[in-house]
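Here is a sequence with its predicted model. Questions after.
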Amino acid sequence: MSGRPDPDAERTLKTAAVTDTLSSELSRLCRAITTVTARQDPQLPAAVAALISRIGVYRSDYPSLGAILPVAMQETSWAAPELTDTLSTVATALSTSDEVVSRFNQLCGAATAKAVEDCLFYRDARLVSLNEV
């Protein structure tokens, strides 16, 4: 046993946390992305949720974690090619706006806490010991 949660279950729970529980924060982030890029995209919430579901840390904006976001972008694009153009919009916003970076990373942290610590760790008894919040 690795002690690591099932990645598919983690992605599913993170996506649900972002789109349901944290929907107001997702909407706020999507508005910021739209403002920065001047591009309306109905797939933006789905793309952001899918991207966040593939980030396995609370925040990806620390210098030592610089490779995490590009890898997550590529994985998301491979898994959902229909979101590739929208992910490009997200990448543009993240590279040009401190507000978007801040809101994105706040949402990442909240999604990880809600999906992994509050849900996934309690679904598998061997993972309960990992939850020391």
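Ah, there it is.

From the contact counts, what lies against the host helix or strand of S88?
Using DSSP states H and E, S88 sits within helix 84-96. Helices and strands touching helix 84-96, by 3 or more Cβ pairs under 8 Å, 6 or more residues apart in numbering; DSSP states H and E, are helix 23-37, helix 44-53, helix 68-79, helix 98-112. C-beta: built from backbone N, CA, C; applies to glycine.

Next, the angle from the second one to helix 23-37.
I take that to be helix 44-53. Helix 44-53 runs at 110 degrees relative to helix 23-37, counting by axes from the mean of the first three to the mean of the last three Cα atoms, to 10 degrees.

sorry, back to before: now the helices and strands packed on helix 84-96 as CSV including mean neighbour count, distance to S60 and mean pLDDT?
Formatted as CSV, the helices and strands packed on helix 84-96 follow (neighbours: other Cβ atoms under 10 Å; distance: least, Cβ to Cβ, whole Å; pLDDT from 0 to 100):
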stretch, mean neighbour count, distance to S60, mean pLDDT
helix 23-37, 17, 14, 97
helix 44-53, 24, 10, 96
helix 68-79, 17, 4, 95
helix 98-112, 19, 7, 92
